[in-house]
Each structure stands twice: as C-alpha cells, then as structure tokens.
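> requesting a structural model of the entry that follows:
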Amino acid sequence: MAPTTAFTTQDLDREAWPALFAHLIDARPVVTSLTIDGDMLGGTEASQLPLESITYEDGDDQIAIGLDGRDGGHGVLWHYVDGPRQLLRDDGDGLPECLEIVSADGTHTVLELEVAG
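I've put the predicted structure just below:
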C-alpha cells in the first residue's frame, strides 16, 4: 500500500529525531489522528488524543508513541514503530502538522498534529 497523505516534506536524519521529539513533548500537541498503512493492517488507530510521549529507543530500534487516553479511562495508550528507517515531517511553522514514520517492513505510521488551544 502507498502512503495516503501528501506531504511537503523534510527527511530528518536519525540524529535529529530526539530534538524534534523533545520539542513536540514541550509543546504538548494533540494527535488528531494516528494512521497505519501497511501490508497486514491499515486505518486510523487513534484520534483527538494528547501526545504524552514520543521517543526513539536506540537499543530496541523502535519509536515509542504514548497518547493520553485518560479521558476514555484508558491511561496512556502506546504504539510502537519497529525498525524505523525514515522520519518525514511537513514544513509547517514551528511544530510539524504531520509526521510520517517509515519502517523497515514498509509500513507507514502517520501522526497528524495540532497545538491544543
């Protein structure tokens, strides 16, 4: 399957990922949708949830995304992207409006973001 979202993108080097993730956590955006597009699965997995955490776990070669699902009584909801090979971001002002993570197996995880206000 091909990615479903069109991007004006910037491909970030792996060394830039931690700084971007820290910037996102400081801003506390809302994930308007987390969509997965891959061979075995696809569709929107979450919507309208605050971003609680996003980190690259070097030892596990994994990006961990935590969404605050407490309003629905679920605590933090976790999504893991195994084997991330590429991180694309849009060219928005300040915070990206969208991130696309491409895994080694070709799966695309798309986070659409907006600043809560």
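> can you give me the buried ones in the helix or strand bottoming out on mean pLDDT in the chain?
Least confident helix or strand of the chain, by mean pLDDT, DSSP states H and E, is strand 42-46 with a mean of 72. By 16 or more other C-beta atoms under 10 Å, the buried positions in strand 42-46 come out as Glu45, Ala46. In short, each C-beta sits where N, CA and C put it, glycine included.
> once you drop chain neighbours, what's closest to Ser103?
Closest residue to Ser103 apart from its sequence neighbours, by C-beta to C-beta, 6 or more residues apart in numbering: Gly83 at 5.1 Å.
> phi, psi of that neighbour?
Per-residue torsions, Gly83: phi 60, psi 50 (degrees, to the nearest 10).
> correct me, but it touches Asp105?
Yes - Gly83 is in contact with Asp105 according to C-beta atoms under 8 Å; the separation is 6.7 Å.
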